[in-house]
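[1] Structure for this input, please:
(2 chains)
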There are 2 protein chains.
Amino acid sequence: MPTLWSQRYAQRTQRMQGSPIRELIQVTDRASLISFAGEFPASDTFPLTHVQDACQRVLAEHGSHALQHSPTAGYRPLREMIARHTARYGLTVAPDNILITTGSQQALDLIGKVFLNPGDRVLVEQPTHVGALQAWHAYQAEYVGIPVDDDGMQTDAVEAALRAGPKLLYALPNFQNPTGVTLSATRRMQLVTLADRYGVPIVEDDPYGQLRYEGEHLPALAALDGHLRAQNGIAYNGHVLYVSTFSKVLAPGLRLGWIIAPEEVMQRLVQAKQGVDLHTSTLLQMVAYEVACGGFLDQHVRDLRVIYRERRDAMLTALDHYFPPEVHWTYPQGGLFIWATLPQPLDATDVLHAALAAHVAFVPGMAFFLRDEGRHTMRLSFSHATPEYIHEGIRRLGEVLVRALQSSGPHTLNPEGTRGVSGRSG
Amino acid sequence: MPTLWSQRYAQRTQRMQGSPIRELIQVTDRASLISFAGEFPASDTFPLTHVQDACQRVLAEHGSHALQHSPTAGYRPLREMIARHTARYGLTVAPDNILITTGSQQALDLIGKVFLNPGDRVLVEQPTHVGALQAWHAYQAEYVGIPVDDDGMQTDAVEAALRAGPKLLYALPNFQNPTGVTLSATRRMQLVTLADRYGVPIVEDDPYGQLRYEGEHLPALAALDGHLRAQNGIAYNGHVLYVSTFSKVLAPGLRLGWIIAPEEVMQRLVQAKQGVDLHTSTLLQMVAYEVACGGFLDQHVRDLRVIYRERRDAMLTALDHYFPPEVHWTYPQGGLFIWATLPQPLDATDVLHAALAAHVAFVPGMAFFLRDEGRHTMRLSFSHATPEYIHEGIRRLGEVLVRALQSSGPHTLNPEGTRGVSGRSG
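    Below is the predicted model of the structure:
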């Protein structure tokens, strides 16, 4: 029998779904388990005493201000600091180009609110970050998938998709979630040039850019786009909306992210943010500024690179050692994720059930696809466990895979499962 | 020349506007000014040392947890505490009926996201809280205004409006923003009975309910509704979504609010919140819990009542003394606002310009109406200034009004301007 409520939900809520990953995390977040499932940064890296000191200082020196309402666009010194930081990576923006958001998830929601009408198409990598799909499902977006390989989004598939007139193109160029791959320098230039030619704005999501463990930093799409437009002055006026976050380099429990946008778009974003939460916590913006200023955050990011690089290397070494030769995986130059592709007969969801029985968890790759694809893929996050636990977890997972292969009989590499992200073989 | 951006904004953003009140506040938030314009609680009431101690304790004892991601629905002990607190006021709910939001503004946004399709009608008090209109404009809601008098929403006008099939009814029963009036006990029962008869859910917004300075607490609409349904067990299953916030009783810079909803609706709200910001800051939820538990918040609310009651009384006394007899105003039993109605020839926006020249500010009542109405009304907030400044500010404003009346020649009381909220004459 329909209730009064069930007759009243908006059409858009028919399309919203709980995140299968978050639900899985809730199931698997148990002490005895070695989890490669989470998207969380490592709790043991949080700079607790610095946050503690910053809370004290902010409340002692600016307490009334920190606990009061504040402007929607964000705390000015924090926006200025982000502008200075961004300039170091070749992207010149003014503080007025920066909107502080309640985590980068809110940045995606606000972009959806400002740009997406029901039925609007968005080009997305396949596989892609589920949080973006979740945010934009609520605006009844349609998606067009662009396959990903070891050099990121396959730009030769982009032009045809751009011709169909999408509203936005969504890209995660650095150490992509879920595959760990990085968009190559050549493809960055191609992507920006193509998007410019077809007049389609890019949403560049860059939560992991600071977490590079080897190789050279590649310019942001927003920086290349600004270059194309031969900017004068400092106000950013390109066609890329750049999104990032303090969640990976500081702590996700603070819920602090930001959007870089041309001032014209900023006005709309600020109006939208007024309607959704007035402003992000004044106290936490001031605390993040206190923690970051004076150079501590730079040092902390250097420390994080050492910690995560060690975990990545531990996982790569263990994969080489314990995974059957039929499994392939990516080699991430940064970020938190490795993407593995299983041979034909193995379904990652079946493997997960066996893995949970062996007290080890990961996310089946299907979760990151628009349709029923990627059944033979898995995302392995190396952020959350120490090298010892990573070693032990991959050992257990290797045993599960060997057993599954033995019981499945003769097999071949699955061309669908690899989806171009063939990675390097173990 | 249209830019690439201007061709791409969603239809809904044509309807979003910056809040004229927030813009005014930015203009008027200067040191030399006595402002009755703000909606802000008084900064000098924030329990700084308690927040400081709570930050220390939470980070020292549960730091890794406080800085990590957490479940979307909210920090369990905080939800349990809110459930216990709510029970004291006759509304029995389970923690699972409670969603923690990033301020009550987010609660309104999430309700819009889950329930409102373009063109859906919402019944709202006239005048009403602008934040709700801002949140729901983004979902292309239409509004039907119900006039307000000294006993709150005029329930005899509600039935006809309910017959037209609105999606929701939005009510602010206690010390309404902007008028300061309270929905009477009789009308509460009428409203709940009518909404039940026509099957229209109520959104009950109650930011000020704790700030009552005289008279008896009146039951929440959600409590009356639960009573009507003869509840068994503790899970709330009524047709009222109850929204409240820590902004007025603790501090708005924390951005912490909540929604009480039936579990069926909670599922949708949680899914929507996952898409908009994943969860509210773990740290701040734990800090609010630490500050509130052990009875401190109860004591703090008692202190706030003394402070704000003194300010309300100072404003009422000054109004009696300095305002011309042609001006009428409401007598609020709690909350932060007094609503004044000027005689016919005076336009509150003109008065504001003269007032700003005399270094005193308020919000013209027009800002709180759907259409071009309420030109002769003004909202006076007594929260932000001490009794001495309130006295001086009302003295200045009284002079401005006397001068304006003298220069306007003979005049009569304006029946449109009073809009039923005639209040008590000075």
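[2] Is A:Q106 in a helix, a strand, or coil?
    For A:Q106, the assignment made with DSSP: H, G, I helix; E, B strand; the rest coil gives helix.
[3] Excluding residues flanking it in the chain, which one is nearest it?
    B:D277 (4.5 Å; CB to CB, 6 or more residues apart in numbering or on different chains). Yep, even glycine has a C-beta here, placed from its N, CA and C like the rest.
[4] Surely A:E204 touches A:A222?
    Yes. Between A:E204 and A:A222 there is a contact under CB atoms under 8 Å: 5.7 Å.
[5] do you know how far the residue nearest to A:Q106 is from B:Q11?
    24 Å (CB to CB, to the nearest Å).
[6] more crowded one of those two?
    Counted by other CB atoms under 10 Å in any protein chain shown, B:D277 and B:Q11 do not tie: B:D277 has more neighbours, with 27 against 10.
[7] Export only the CA atoms of the top strand by length along chain A, formatted as PDB.
    Assignment by DSSP state E gives strand A:142-149 as the longest strand of chain A. Output in PDB follows, covering the C-alpha atoms of strand A:142-149 (Å, rounded to 0.1, in the frame of the first residue of the first chain):
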ATOM      1  CA  GLU A 142      22.500  11.400 -18.600                       C
ATOM      2  CA  TYR A 143      26.000  10.100 -19.100                       C
ATOM      3  CA  VAL A 144      28.200   9.200 -22.000                       C
ATOM      4  CA  GLY A 145      31.100   7.000 -21.100                       C
ATOM      5  CA  ILE A 146      34.700   7.500 -22.500                       C
ATOM      6  CA  PRO A 147      37.000   4.500 -22.100                       C
ATOM      7  CA  VAL A 148      40.100   4.800 -20.100                       C
ATOM      8  CA  ASP A 149      43.500   3.200 -20.700                       C
END
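[8] packing partners for it?
    If contacts are counted by 3 or more CB pairs under 8 Å, 6 or more residues apart in numbering or on different chains; DSSP states H and E, strand A:142-149 sits against strand A:121-126, helix A:158-163.
[9] out of those, nearest to A:E326?
    strand A:121-126 (23.1 Å; CB to CB).
[10] Direction-wise, compare the closest one with strand A:142-149 and give the angle.
    For strand A:121-126 against strand A:142-149, the angle by axes from the mean of the first three to the mean of the last three CA atoms, to 10 degrees is 30 degrees.
[11] got the contact list for strand A:121-126?
    Under the contact criterion CB atoms under 8 Å, 6 or more residues apart in numbering or on different chains, strand A:121-126 has outside partners A:116, A:132-133, A:136, A:141-148, A:152-153, A:158, A:161-162, A:164-172, A:176, A:200, A:369-370, A:373, A:419.
[12] Tell me the strands beside that strand, with direction?
    Looking at strand A:121-126 with DSSP bridges, its partner strands are strand A:142-149 (parallel), strand A:168-171 (parallel).
[13] So A:V144 sits against A:L162, correct?
    No. Using CB under 8 Å, A:V144 makes no contact with A:L162, being 9.5 Å away.
[14] Give the next helix or strand downstream of the longest helix along chain A.
    Longest helix in chain A, counting residues (DSSP state H): helix A:296-322. Using DSSP states H and E, the helix or strand that follows helix A:296-322 towards the C-terminus is strand A:328-329.
[15] Point out the other elements, helices or strands, that that next one touches.
    Going by 3+ CB pairs under 8 Å, 6+ apart, strand A:328-329 lies up against strand A:337-341, strand A:424-425.
[16] of all those, which gets the most neighbours per residue?
    strand A:337-341 (a mean of 26; mean count of other CB atoms under 10 Å in any protein chain shown).
[17] And whatever helix or strand comes next after that one, how far out from the chain middle?
    Scanning forward in sequence from strand A:337-341 by DSSP H and E, the next helix or strand is helix A:348-357. Averaging C-alpha positions (CA atoms, centre = their mean, to the nearest Å) puts helix A:348-357 25 Å from its chain's average.
[18] can you check stretch A:306-326 too?
    Relative to its chain's centre, stretch A:306-326 lies at 21 Å (CA atoms, centre = their mean).
[19] Quick one: mean pLDDT for it?
    Stretch A:306-326 carries an average pLDDT of 98.
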